[in-house]
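J.: What shape does this take:
(2 chains)
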Amino acid sequence: MDLILSAIDILMRWDVALALLAGSVGGVLIGAIPGVGPAVAIAILLPATFSMDPIVGLTVLLGIYGSSMYGGAIPAILINTPGTAVNALTTYDGYPMTARGEPRRALSLAYSASFFGGIFSVICLILFAPVLAKIAPMFGSREIFMAALLGLILVVVAHRGQALIAGALACFGIFLQTIGLEPVKYTQRYTFGQDFLGGGINLIVVVLGLFAISQAFVLLTDEDEKVRMARLRGGMFQGLRELAHHPRVAGVSAAFGVLMGMIPGVGEFTAQFMSYTYAQKTSKRPEDFGHGSSEGLIAAETANNAVPAAAMVPLLALGIPGEALTAMMLSVFYVHNVVPGPGLFQNDMDFVVALYLALLVLNVLVLLFLLFATRSLIQVVRIPNRFLGVCILTLSFVGVYSLRNSATDCLMAAGFGILGFILKRLSLPSVPIILGMVLGGIMEVKLRAGMARVKEPLDFIDRPVAFILFLLIIIVLAVHILRVLKDRKELKEAEWQTKTSSTSFGSLMLRRRNSFLKDHGRKVRARHSKLLRRLTDLF
Amino acid sequence: MPSERERRFAGPRRGQLIFALIMVGLALLLLALIGEQTAWVQKTKLFAQPRFWPAVAIGGMVLLGGLHLYKLPWRRISRNDLREVKRWGQVLEFAGWFMGYVLLVPLIGYLPVTLVFMPLLSWRMGYRRPFMLWTSAAFAVAVVLLFKAFLSVKIPGALLYEYLPGPLRTFFILYL
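T.: Residues are numbered from 1 along each chain as shown, chains lettered A, B, ... in the order given. Next up is the predicted model:
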């Protein structure tokens, strides 16, 4: 109780209240505009929050992170375009409801489900905080190294079908982090004798380039879309009543969100996928899923809103961000010399609880705002794409230039913007680069510190937590390899089935004979014999 | 007709081969430079060597990037790949706009440059209606006031502001 009182004391300030309001309303607006998303907004606002108190700055950023998903449901339901990437599953059941004339029901259900997910996860984590405070000190250098490695591996293997390139991009991120003056032996690494590379490549520059500037480029080279919006009539409160009819789906989905959010590198998509599958399998009407099922909408929205609070756990307890948004927030801690990790949980538990309480208040504020202001808010969906691109490019300047007033930083950010644009065009992930940069730095420091105290490499995992994490890494890798082998087997089978020509010896000989008799076959043989002659002439 | 392997590939085909080739080429170049660009310190453990992490990172880029390249279902650069590279080149124009904006702010000032940049780029993007141009100008003023005047982000006063009379000069340097 004392803990909660001291946490409330931290929050009872006008600037925190303002931050809560700005974060919640701003986050909803940003989420509601397709093509912006919380990553762009947080990247732009990050340098501006450096001058604020940690609690104020983090409240704004957390507000945007937590409330953007509420806003993202609006275009997902009304125009079948998810406002943020994590609202993609909302379109499956939300838009069919709009199509059959129930946009108000879909929206109010989405808000209620999101609210339940958000509140459930915050309450879980406040109750869970004392346990975390006991577990966190068990994490020394070796354990943090192992957890960071596990997070990086999970991020890579989560990109199914793209794990190799995601791994290469994560390694590129680790490489970017090594550029500059190495802090222990004071040697230069990949600076090419250039002064501007001596200080290293700033994370914010990369983040702004990969998320904000690249998004501006995507929008600027895109076409404006014509939006046809459904009309909203009546109140928005019916969703709260409807949610009460599905406590099992909502509870399990929120639990999935909390669990998946806490595991670094997993996040919203897995939580949503698991809860949606669970809801469909246990539903009395599974055939409705994808055609406007209220249970499907509840599963998707509850799971994704339960993640933000849970995603703060690895960041606050171990100093390990699990995805790009929390990786950006880590820099706010570093700027204020607050080192997240076991120490924070032991010494500043009230700060941690204050953050969770802020999230709790935020969810209430967002719900109230949305229940009364949705009809005016939906107009932001109409902002044309290319005009948004102009706005993001202008705002990106503030983000990069205010860091060090350096035009070189801006040039580098523009370069990363082009890289991000290429990655988006190719549907390749840019998150592994950011996590590679952040986790690479943590791994370098922790491995050096951890190895200084061990005699043999195996001593590195002689502590229980380190050993469990090591086992988890082995299990994740083994599961991934098995999945790759299974995919390969399926591919071979599919290739075999789609083969139109027979593979029997007789048919093969028949095709060979035809090739010999046709003009094209003759040309190919002539070319081959010419090449062979040239080769034999060499000897 | 695309093969089963091509059909199962995650993402579009255009540009993939060129990107993978550039990625592996860059990684090999960095690997070739590792001896020159990083140091090996005597009497220091392997894990504490300054060269260790760059080697792990670049090694990973070469290995995983190389495997990705090997696993790609295409071996030849098609016309669509080249068209995609041209599309990548198109954004250089907007990168140029951005850099122009960056270089002009310290000379002319944050407010005046933003006030010209936003309507001009909106015009370039094809918006001709006065409403959109006025909206862009209003957005420019709002951005400057929010970030420089209200949030006090570090954007230095412009050279041009030095020519303004005393109190106005201070006001412009601090808030606009």
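J.: use CA for all of it now, contacts and neighbours both
T.: OK.
J.: got the residues of the stretch 101-250 of chain A near chain B?
T.: A:161-162, A:164-165, A:167-169, A:171-172, A:174-175, A:178, A:182, A:185, A:187-192, A:217, A:220-221 (C-alpha under 8 Å from any C-alpha of the partner chain).
J.: If any of the residues you listed are buried, give me the PyMOL selection for them.
T.: Of these, the buried ones can be selected in PyMOL as follows, counting by 16 or more other C-alpha atoms under 10 Å in any protein chain shown:
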select buried, chain A and resi 162+164+165+167+168+169+171+172+174+175+178+182+187+188+189+190+191+217+220+221
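J.: Mind checking which of the residues of the stretch 101-250 of chain A next to chain B land in helices?
T.: Counting by DSSP state H, those place A:164-165, A:167-169, A:171-172, A:174-175, A:178, A:217, A:220 in helices.
J.: for the residue lying farthest from the centre of chain B, phi and psi?
T.: Farthest-out residue of chain B from its mean C-alpha position, per C-alpha atoms, centre = their mean: B:Lys43, at 40.6 Å. For B:Lys43, the backbone dihedrals (degrees, to the nearest 10) come out as phi 50, psi 40.
J.: residues touching the residue nearest the centre of chain B, list them.
T.: Nearest to the geometric centre of chain B sits B:Ala95, at 7.4 Å (C-alpha atoms, centre = their mean). By C-alpha atoms under 8 Å, 6 or more residues apart in numbering or on different chains, the contact list for B:Ala95 reads A:414, A:418.
J.: again, but for A:Pro47
T.: Listed by C-alpha under 8 Å, 6+ apart, the contact partners of A:Pro47 are A:399-400, A:402-403, B:153.
J.: change it to 6 Å
T.: Going by C-alpha atoms under 6 Å, 6 or more residues apart in numbering or on different chains, A:Pro47 touches A:Gly399.
J.: A:Gly399 too?
T.: A:44, A:47.
J.: isn't there a helix covering it?
T.: Yes. Counting by DSSP: H, G, I helix; E, B strand; the rest coil, A:Gly399 is found in a helix.
J.: Tell me if A:Phe467 really is in a helix.
T.: Yes. Membership of A:Phe467 in a helix is supported by three-state DSSP.
J.: pLDDT at the closest residue to it other than its chain neighbours, what is it?
T.: For A:Phe467, ignoring the flanking residues on the chain, the nearest one in space by C-alpha to C-alpha, 6 or more residues apart in numbering or on different chains is A:Ile461 at 4.8 Å. With respect to pLDDT, A:Ile461 scores 85.
J.: still on that earlier bit, so which pair among the ones in helices among the residues of the stretch 101-250 of chain A next to chain B is furthest apart in space?
T.: A:Thr178 and A:Leu220 (32.9 Å; C-alpha to C-alpha).
J.: Tell me the residues of chain B that contact chain A?
T.: Listed as neighbours of chain A in chain B under the rule C-alpha under 6 Å from any C-alpha of the partner chain: B:4, B:10-11, B:37-38, B:47-48, B:54, B:57, B:60-61, B:64-65, B:68, B:95, B:153-155.
J.: tell me the SS of A:Ala413?
T.: helix.
J.: any idea how far it lies from A:Ile213?
T.: Using C-alpha to C-alpha, to the nearest Å, A:Ala413 is found at 8 Å from A:Ile213.
J.: One more: B:Glu162?
T.: Computed with C-alpha to C-alpha, the distance linking B:Glu162 and A:Ile213 is 31 Å.
J.: can you check A:Ile201 too?
T.: On the measure of C-alpha to C-alpha, A:Ile201 and A:Ile213 end up 17 Å apart.
J.: Among the two, which residue is more densely surrounded?
T.: A:Ile213 (35 against 18; other C-alpha atoms under 10 Å in any protein chain shown).
J.: I'd assumed A:Leu419 was in contact with that one.
T.: No. Using C-alpha atoms under 6 Å, A:Ile213 makes no contact with A:Leu419, being 10.0 Å away.
J.: who's in contact with stretch B:166-175?
T.: When contacts are defined by C-alpha under 6 Å, 6+ apart, stretch B:166-175 is touched by residues B:148-149, B:157, B:161.
J.: low-confidence ranges in the chain?
T.: In the absence of a named chain, chain A is used. Scanning chain A for pLDDT under 70 picks out A:227-236, A:498-503.
J.: ah, I was thinking of chain B
T.: Ranges of chain B meeting pLDDT under 70: B:1.
J.: In it, where's the longest helix?
T.: helix B:79-108.
J.: Which positions within it qualify as buried?
T.: Using 16+ other C-alpha under 10 Å as the test for burial, helix B:79-108 gives B:81, B:84, B:88, B:91, B:94-95, B:98-99, B:101-102, B:105-106.
J.: Also stretch A:51-66?
T.: Within stretch A:51-66, judged by 16+ other C-alpha under 10 Å, the buried ones are A:51, A:54-66.
J.: with those in mind, which one is nearest to chain B?
T.: A:Ser51 (7.8 Å; C-alpha to the nearest C-alpha).
J.: residues contacting that closest one?
T.: A:Ser51 sits in contact with no residue, where contact means C-alpha under 6 Å, 6+ apart.
J.: what secondary structure does it sit in?
T.: coil.
J.: any idea how far it is from A:Leu45?
T.: Using C-alpha to C-alpha, A:Ser51 is found at 11 Å from A:Leu45.
J.: Kindly report the same for B:Pro130.
T.: 30 Å.
J.: Comparing those two, which residue is more hemmed in?
T.: A:Leu45 (20 against 10).
J.: In contact with the residue of the stretch 401-539 of chain A found nearest chain B, which residues?
T.: Here the residue of the stretch 401-539 of chain A nearest chain B is A:Ser402; by C-alpha to the nearest C-alpha that distance is 4.9 Å. The contact partners of A:Ser402, taken as C-alpha under 6 Å, 6+ apart, are B:154-155.
J.: and the one helix or strand it maps to, how far out from the chain's middle?
T.: Per DSSP states H and E, A:Ser402 falls inside helix A:385-404. Relative to its parent chain, helix A:385-404 has a centroid offset of 21 Å by C-alpha atoms, centre = their mean, to the nearest Å.
J.: Let me know the angle separating that helix from helix B:79-108.
T.: Interaxial angle, helix A:385-404 versus helix B:79-108 (axes from the mean of the first three to the mean of the last three C-alpha atoms, to 10 degrees): 50 degrees.
J.: For helix A:385-404, buried residues please.
T.: Neighbour count says helix A:385-404 has A:385-403 buried, by 16+ other C-alpha under 10 Å.
J.: Can you name the residues of the stretch 401-539 of chain A sitting close to chain B?
T.: A:402, A:414, A:427, A:448, A:495.
J.: Can you tell me the centre-most residue of chain A?
T.: Chain A, centroid-nearest residue using C-alpha atoms, centre = their mean: A:Glu323 at 4.9 Å.
J.: excluding its backbone neighbours, what's nearest that residue?
T.: With C-alpha to C-alpha, 6+ apart, the residue lying closest to A:Glu323 is A:Gly265, at 5.7 Å.
J.: what about the nearest residue to A:Met274 once chain neighbours are set aside, helix or strand, and which?
T.: Counting by C-alpha to C-alpha, 6+ apart, the nearest residue to A:Met274 once its immediate chain neighbours are dropped is A:Phe256, at 7.2 Å. Assigned by DSSP H and E, A:Phe256 falls within helix A:247-262.
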